[in-house]
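Q: sequence and predicted model, in that order:
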Amino acid sequence: MPDKQKKEIFNILFVDDEENVLRSLKRLFIDDSNIEVFTALSGKAGLEILKNNDIAVIVSDQRMPEMSGAQFLEKAKRLQPDSVRIVLTGYADVNAAMDAINKGGAFKYITKPWDDNDLMLSVLNSIETYRLKKENRRLSELTKKQNEELKKWNTELEFYVQQHTVELTKQNKELNTLNEKLKTNLKEFITAFSNLIELRDKTVRSHSNTVAALSEGIAEKLGLSKSEVDAITTAAQLHDIGKIGIPDIVLFKNTDELTPDEMEEYTKHPVRGQAAVDPVEELREAGMLIRSHHEWHDGNGFPDRLSGNKIPLGSRIIAIADKLDRLTSGGAGKLSIESALNVVKSLSGIQFDPELYGMLHEVAREKITINVGAADAMEVELRPKDLMPGLIVSRDVMTGTGLLLLRKGMTLNERNIETMKRGYHIDPSKSGIFVWKRIK
């Protein structure tokens with residue numbers, strides 16, 4: 001009988017100066033036969049393991065004696081650049097975690113105490129990213145080799161050239177498929193990270209996703225290219241990333257309540273946001289839009305006091321979408337959609353590009369309102385598998401533990417339907433999803 005295909009084993013390395021933490025981490029993967037766990041009590045010991053073993057995922061504590069997590073990950077990156085690196089950090093060490101992301105090339109950070117399921121999912125996703133990177137390189141090298149062979153065979157026999165071209169096309173399709181999957185993984189990470197940012201302020205839950213949906217709709221109505229729409233949508237999801245380092249006492253105040261020192265700190269967040277994403281080449285265009293999303297049409301914004309068309313179009317779009325959502329969400333002072341649109345209209349030509357208001361008005365009605373009365377629609381409860389694009393959510397969609405997946409009034413599309421299906425699978429809710437259904 002032929003031998004069964006050898007099962008691929010992936011090595012993961014946990015580094016922490018507390019032995020009980022390492023035991024807890026190792027225990028999470030004890031039943032997974034596809035994973036072998038290595039542990040180290042220091043960065044130095046971890047580097048020795050990396051010299052002798054191929055490691056798919058590295059999870060390191062930030063606070064360790066002699067060598068911090070950021071320092072260890074920076075050295076680990078030189079030894080095994082393909083390894084996916086994750087840093088464990090306390091809430092107070094977020095800035096240090098960003099240092100690990102910038103210098104050590106960390107894929108993400110996880111705060112202590114961690115959630116076992118979230119940590120396991122992060123490691124498994126990182127293993128898949130590592131596998132895709134290796135496979136991507138293998139296919140790239142294979143494609144290069146085949147191109148060289150193609151040149152040689154072209155001088156020998158045209159039949160073989162034609163035959164090989166068919167095979168090469170197949171390999172290129174596989175490579176393109178893998179590249180698209182990597183792009184999808186990046187988009188999903190951006191969505192997850194934007195949700196993590198908003199955990200600090202539950203009054204603006206789903207703010208980034210709503211701003212992204214509005215911005216995407218406006219960009220599409222302007223007829224922008226797909227790459228431009230994608231960059232604007234990504235920037236909208238991450239536009240508040242620079243607020244990570246702002247103290248809560250500043251973050252939770254209205255801007256007109258801030259002291260001069262607090263206002264100075266607050267106005268730094270667009271620049272910090274750009275700096276945070278700049279190390280990722282695919283996010284640099286989005287970073288430029290993040291920097292300018294608080295500029296005003298009349299030049300009285302920040303940080304660069306740009307005005308009019310000197311403000312990037314994507315930043316102007318995000319700014320007007322951001323204002324509308326902040327007016328219609330949050331605390332007891334939130335406005336109806338119509339009142340909020342009137343406020344935005346009054347600021348057009350002062351704070352916002354006046355040419356964008358009409359499109360915002362259309363997109364807001366399409367994506368976060370429903371213009372039907374009791375005689376036109378009825379509320380129905382559906383399971384995630386029964387959802388369809390175009391339906392409008394009539395109540396906030398929450399997971400079983402109370403995390404907001406989608407705000408009421410949002411229009412369903414393939415992307416947010418998939419998000420809700422995954423959310424209900426990981427953290428099931430006792431109730432279904434309530435939507436408006438038109439009465440024929």
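A: Structure received.
Q: my guess is residue 382 meets residue 436, correct?
A: No: in this structure, residue 382 is not within contact of residue 436 by CB atoms under 8 Å, at 11.1 Å. Every residue, glycine included, has its C-beta placed from N, CA and C.
Q: shared neighbours of those two, anything?
A: residue 391 (CB atoms under 8 Å, 6 or more residues apart in numbering).
Q: these two: who's more crowded?
A: Higher neighbour count among residue 382 and residue 436: residue 436, with 18 against 15, using other CB atoms under 10 Å.
Q: so what pLDDT did the more buried one get?
A: Residue 436 is assigned a predicted lDDT (pLDDT) of 84.
Q: and the helices in the stretch 251-400 of the chain?
A: Secondary structure of the stretch 251-400 of the chain (DSSP state H, counting those that start in this stretch): helices at 260-266, 269-277, 284-291, 313-328, 337-347, 357-368.
Q: same thing with the stretch 1-150 of the chain?
A: Remark: helices assigned in the stretch 1-150 of the chain by DSSP H, counting those that start in this stretch are 19-27, 43-52, 69-79, 94-103, 116-154.
Q: and of these, who's closest to residue 188?
A: Closest of these to residue 188 is helix 116-154, at 8.5 Å (criterion: CB to CB).
Q: same for the closest one, what does it pack against?
A: If contacts are counted by 3 or more CB pairs under 8 Å, 6 or more residues apart in numbering; DSSP states H and E, helix 116-154 sits against strand 10-15, strand 57-61, strand 84-89, strand 108-111, helix 158-197.
Q: tabulate the ones you listed (CSV), appending mean pLDDT.
A: Shown next, in CSV, are these (pLDDT from 0 to 100):
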stretch, mean pLDDT
strand 10-15, 96
strand 57-61, 93
strand 84-89, 88
strand 108-111, 83
helix 158-197, 71
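Q: with distance to residue 265 added, can I get the ones you listed in a markdown table?
A: Formatted as a markdown table, these follow (distance: least, CB to CB, whole Å):
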| stretch | distance to residue 265 |
| --- | --- |
| strand 10-15 | 34 |
| strand 57-61 | 29 |
| strand 84-89 | 22 |
| strand 108-111 | 22 |
| helix 158-197 | 17 |
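Q: for those, which one sits closest to residue 119?
A: Counting by CB to CB, residue 119 lies closest to strand 108-111 out of the helices and strands packed on helix 116-154; the figure is 6.0 Å.
Q: partner strands of that closest one, with direction?
A: Paired neighbours of strand 108-111 in the sheet (DSSP bridges): strand 84-89 (parallel).
Q: what's next to the strand it pairs with, contact-wise?
A: Strand 84-89 is contacted from outside by 16, 56-63, 69-70, 73, 76-77, 96-97, 100-101, 104-112, 114, 122-123, 126-127, 129-130, using CB under 8 Å, 6+ apart.
Q: list only buried entries from these.
A: Buried subset of those (neighbour count, 16 or more other CB atoms under 10 Å): 16, 56-62, 69-70, 73, 76-77, 96-97, 100-101, 104-111, 114, 122-123, 126-127, 129-130.
Q: leaving out the residues flanking it, which one is nearest to residue 118?
A: Computed as CB to CB, 6 or more residues apart in numbering, the closest residue to residue 118 that is not its neighbour in sequence is residue 110, at 7.2 Å.
Q: ok, and the helix or strand in the chain with the lowest average confidence?
A: helix 94-103 (a mean of 66; mean pLDDT, DSSP states H and E).
Q: ok, back up a step: so for residue 266, which of the helices and strands packed on helix 116-154 sits nearest?
A: Closest to residue 266 of the helices and strands packed on helix 116-154, according to CB to CB: helix 158-197, at 15.5 Å.
Q: past the closest one, which element shows up next along the chain?
A: Moving toward the C-terminus from helix 158-197, the next helix or strand (DSSP states H and E) is helix 207-221.
Q: what helices or strands is that following helix leaning on?
A: Under the contact definition 3+ CB pairs under 8 Å, 6+ apart, helix 207-221 sits against helix 158-197, helix 226-237, helix 313-328, helix 357-368.
Q: these into JSON lines, with extra columns for distance to residue 262?
A: Rendered in JSON lines, the data for these read as follows (distance: least, CB to CB, whole Å):
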{"stretch": "helix 158-197", "distance to residue 262": "20"}
{"stretch": "helix 226-237", "distance to residue 262": "25"}
{"stretch": "helix 313-328", "distance to residue 262": "18"}
{"stretch": "helix 357-368", "distance to residue 262": "30"}
